[in-house]
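**Q** fold the following, please.
(chains A and B)
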Amino acid sequence: MTHINIASLEVGQEVGNVEILLTRDSLVRYAGASGDFNPIHYRDDFAKSVGLDGVLAHGMLTMGAAVQVVVDWIGDPGRIIDYGVRFTKPVFVDANDGAVLKVTAKVAEIDLENSTVRIDIAAVAADLAVLGKAQARVRI
Amino acid sequence: MVNASVEGKTYAETDPYLVGREKIREFAHAVKSTSPINLDVLAAQAAGYLDLVAPPTFAVVIQERSLTSVLADKEADIDFSRVVHGDQRFIHTRPIVAGDELTSQLTVASVKSLGAHAMVTFETKIHDADKQLVCTAISTLVVRGAE
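**A** Numbers count the residues shown, from 1 in each chain, chains lettered A, B, ... in the order given. Got it, this is the predicted structure:
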């Protein structure tokens, strides 16, 4: 059981809204935790040598951090049964200021029969949508 | 670029990966989770789980192990330095919890060319020690063509 009553939800309803600061420390921490040590995520010289403007966040870090707003809403990470995103733009992470990821989550679909809802997530950094079709199906 | 004939190819199942509590905590901190069910064993058990529950994207750690085999496959001919992550999806039959021993097996679901680029979609099936499906991870990589 969750504290959420599916019958009280409405399509379009916002369920979360958060700003997440990603710093170079966040990237190094994610590299270690995930095992993705691609140097484009921590070395400016390397990023530039492959034609990027600078160090960028792991797409999987953006994906993983963005869904936390849904986890906090439902109160249980185990209830997110299906989660997919498209990576539409890179998130450049400044060495001093980092990058701010603005995440909002809304109810997109309610399935009373199966007691699930689809939550659509919008993630924006530097005024650009960095995730596309970010959808999480949640078991209520 | 990418050898289209690897479409449909299935790679060998990886050795079991034992999901540890501290690995879940480390990953949870890295994705900025503050959920007690990711971090506190008693909270996870109170919610009905045997042990700590992994964050929704943790399966990427398991997927990565099977991806290594295809990236090392000379027949597939994927230049990792030209790879960009296009999309990613995790469909869970049940959540991953600490103590799980997970194997993964990757199939090349499709290889498509898109102008000078190629898009390769992988489907990785993740099973537990009882051979039950835990998660299907679907990942598309975009391989940039030479300019």
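**Q** A:H3 looks like it's in a strand, true?
**A** No. Going by DSSP: H, G, I helix; E, B strand; the rest coil, the assignment for A:H3 is coil, not a strand.
**Q** identify the residue nearest it in space, chain neighbours excluded?
**A** A:G75 (6.5 Å; CB to CB, 6 or more residues apart in numbering or on different chains). C-beta coordinates here come from the backbone N, C-alpha and C atoms, glycine included.
**Q** again with A:R137
**A** The shortest distance from A:R137 to any non-neighbouring residue, by CB to CB, 6+ apart, is to A:D82 (4.0 Å).
**Q** what about that neighbour, which SS state?
**A** Going by three-state DSSP: A:D82 is strand.
**Q** my guess is it meets A:I119, correct?
**A** No. Checked against CB atoms under 8 Å, the pair A:D82 and A:I119 is beyond contact range at 10.7 Å.
**Q** quick check: buried residues in the longest strand belonging to chain A?
**A** As assigned by DSSP state E, the longest strand anywhere in chain A is strand A:99-111. Of all the residues in strand A:99-111, those buried under the rule 16 or more other CB atoms under 10 Å in any protein chain shown are A:99, A:101-108, A:110.
**Q** following that strand, which helix or strand comes up?
**A** Counting by DSSP states H and E, the element after strand A:99-111 in chain order, helix or strand, is strand A:116-125.
**Q** quick one: is the helix or strand just after that next one near chain B?
**A** The helix or strand immediately downstream of strand A:116-125 is strand A:128-129, counting by DSSP H and E. No. Contact of strand A:128-129 with chain B (CB under 8 Å from any CB of the partner chain) is absent, the minimum separation being 14.0 Å.
**Q** what lies in contact with strand A:128-129?
**A** Outside strand A:128-129, the residues that touch it by CB atoms under 8 Å, 6 or more residues apart in numbering or on different chains are A:88-89, A:122-123.
**Q** number of residues surrounding the residue nearest to A:H3?
**A** Per other CB atoms under 10 Å in any protein chain shown, the neighbour tally for A:G75 reads 14.
**Q** if we can go back for a sec, between A:D82 and A:I119, which contacts overlap?
**A** Counting by CB under 8 Å, 6+ apart, the residues touching both A:D82 and A:I119 are A:135-137.
**Q** neighbour-wise, which of those leads?
**A** Counting neighbours by other CB under 10 Å, A:A136 leads these with 26 neighbours.
**Q** flag every residue of chain A that's near chain B.
**A** A:20, A:26, A:29-30, A:32-36, A:50, A:59-61, A:63-65, A:67-68, A:71-72, A:75-78, A:80-87, A:133, A:136.
**Q** give me the buried entries from these.
**A** Buried among those by 16+ other CB under 10 Å: A:20, A:26, A:29-30, A:33-34, A:36, A:59-61, A:63-65, A:67-68, A:71-72, A:76-78, A:80-87, A:136.
**Q** pipe the contacts of strand A:128-129 into CSV and attach pLDDT per row.
**A** Below are the contacts of strand A:128-129 laid out as CSV (pLDDT from 0 to 100):
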residue, pLDDT
A:T88, 97
A:K89, 96
A:A122, 98
A:A123, 98
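**Q** farthest-separated two in those residues?
**A** Considering CB to CB, no two members of the contacts of strand A:128-129 lie farther apart than A:K89 and A:A122, which are separated by 12.6 Å.
**Q** okay, stretch B:75-94 in CSV with CA atoms only?
**A** Taking Å, rounded to 0.1, in the frame of the first residue of the first chain, the C-alpha atoms of stretch B:75-94 are listed here in CSV:
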residue,chain,number,x,y,z
GLU,B,75,32.5,-9.0,-35.8
ALA,B,76,30.1,-6.3,-34.5
ASP,B,77,32.8,-3.6,-35.2
ILE,B,78,31.5,-0.9,-32.9
ASP,B,79,33.9,1.9,-32.3
PHE,B,80,33.2,2.9,-28.7
SER,B,81,34.9,6.2,-29.0
ARG,B,82,32.2,7.3,-31.5
VAL,B,83,29.3,6.1,-29.4
VAL,B,84,26.6,8.3,-27.9
HIS,B,85,23.8,7.0,-25.7
GLY,B,86,20.5,7.5,-27.6
ASP,B,87,17.9,6.1,-25.3
GLN,B,88,17.5,3.7,-22.4
ARG,B,89,14.6,1.8,-20.8
PHE,B,90,14.3,-0.6,-17.8
ILE,B,91,11.2,-2.8,-17.5
HIS,B,92,11.2,-4.5,-14.2
THR,B,93,9.4,-7.7,-13.3
ARG,B,94,10.4,-7.0,-9.7
